[in-house]
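Visitor: Here is the input, now give the coordinates:
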Amino acid sequence: MKNKIPGDIFVISAPSGTGKTTLTHLLLSCFPSLNFSISYTTRPPRPGEKDGVDYFFVSRRHFEQMISQGEMLEWAEVYGNYYGTSVRFLREKINAGKDILLDIDVQGARQVRRLFPQAVLIFIIPPSWEELEKRLKKRATDAPEEVKRRLTAAREEIKAAREFDYIVINESLDQALQELKGIILATKANAKRRWPQVSKLFYE
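Guide: Numbering: from 1, shown residues only. Below you'll find the model as predicted:
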């Protein structure tokens, strides 16, 4: 049996309110072969969210047991709740040649980069602070104090954008999506990745 070319890992991070979730869903619809990595979390489900689809919702005790047993590829505590990715899920997918998309925070992206240096890290930012505040208030899911806290956190998170491979400014949803699609396609066409296929031509 021929060895499969390992799949690629794409990580998308962004402050709250930048449209990351919307862009992630659109990107997945554009690339059916792209597998979404479902994270574990201890926060309660929001209206409309489903266990095993949006997140795996678990207790804090269960999550901490997974950490102690080394079952998490990356994890972080954000706004008082744990978020993390199963290392088994990720390894099984990429070893089978599947591409994986992770929607995680800056801390998680750093941990993925340490374990998988080949991962492609993408950071999404808003066009302005005023627009970010407007989007957060428009969601109407957080109290004013929470909106303020998220804006403060966003200023720190955006400082980490320089650690990423790509930065996408979500001023126009369509334009941001086109940039994300371009990153995926360019990664798949990378010469080093394509070389195993090209080298076969020499023996035909």
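
Visitor: Look at I124 and give its secondary structure.
Guide: Applying DSSP: H, G, I helix; E, B strand; the rest coil to I124 yields a three-state assignment of strand.

Visitor: Now it: closest residue in space, sequence neighbours ignored.
Guide: Computed as Cβ to Cβ, 6 or more residues apart in numbering, the closest residue to I124 that is not its neighbour in sequence is A14, at 3.8 Å. Quick note: C-beta positions are derived from backbone N, CA and C, even for glycine.

Visitor: gap between that neighbour and I38?
Guide: In this structure, A14 lies at 18 Å from I38, with Cβ to Cβ, to the nearest Å as the measure.

Visitor: who's more crowded, those two?
Guide: More neighbours sit around A14 than around the other of A14 and I38, counting by other Cβ atoms under 10 Å; the figures are 25 against 17.

Visitor: how near is that one to F57?
Guide: With distances defined as Cβ to Cβ, the gap from A14 to F57 amounts to 22 Å.

Visitor: now swap in A160 and tell me
Guide: Between A160 and F57 the distance is 27 Å, computed by Cβ to Cβ.

Visitor: just I184 next, same as before
Guide: As for I184, its distance to F57 is 29 Å (criterion: Cβ to Cβ).

Visitor: Which of the two has more residues huddled nearby?
Guide: Taking neighbours as other Cβ under 10 Å, I184 and F57 compare with I184 leading, 19 against 16.

Visitor: Counting neighbours, which bits of the helix or strand containing the more buried one end up buried?
Guide: Secondary-structure assignment from DSSP states H and E places I184 in helix 173-188. By 16 or more other Cβ atoms under 10 Å, the buried positions in helix 173-188 come out as A176, L177, E179, L180, I183, I184, T187.

Visitor: returning to what we had before: isn't the residue nearest to I124 right up against L121?
Guide: No: the pair A14 and L121 fails to qualify as a contact (Cβ atoms under 8 Å) at a distance of 11.5 Å.

Visitor: which residues of this structure fall in helices?
Guide: Taking DSSP state H as the criterion, the chain carries its helices at 20-30, 60-68, 87-95, 106-115, 129-139, 144-158, 173-188, 191-199.

Visitor: can you pull the buried residues of the lowest-mean-pLDDT helix or strand in the chain?
Guide: Scoring the helices and strands of the chain by mean pLDDT, DSSP states H and E places helix 129-139 at the bottom, with a mean of 73. Judged by neighbour count (16+ other Cβ under 10 Å), helix 129-139 contains these buried residues: L132, E133, R135, L136.

Visitor: Format the residues you listed as CSV; extra columns: distance to K20.
Guide: Putting the buried residues of helix 129-139 into CSV (distance: Cβ to Cβ, whole Å) gives the following:
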residue, distance to K20
L132, 12
E133, 16
R135, 11
L136, 13
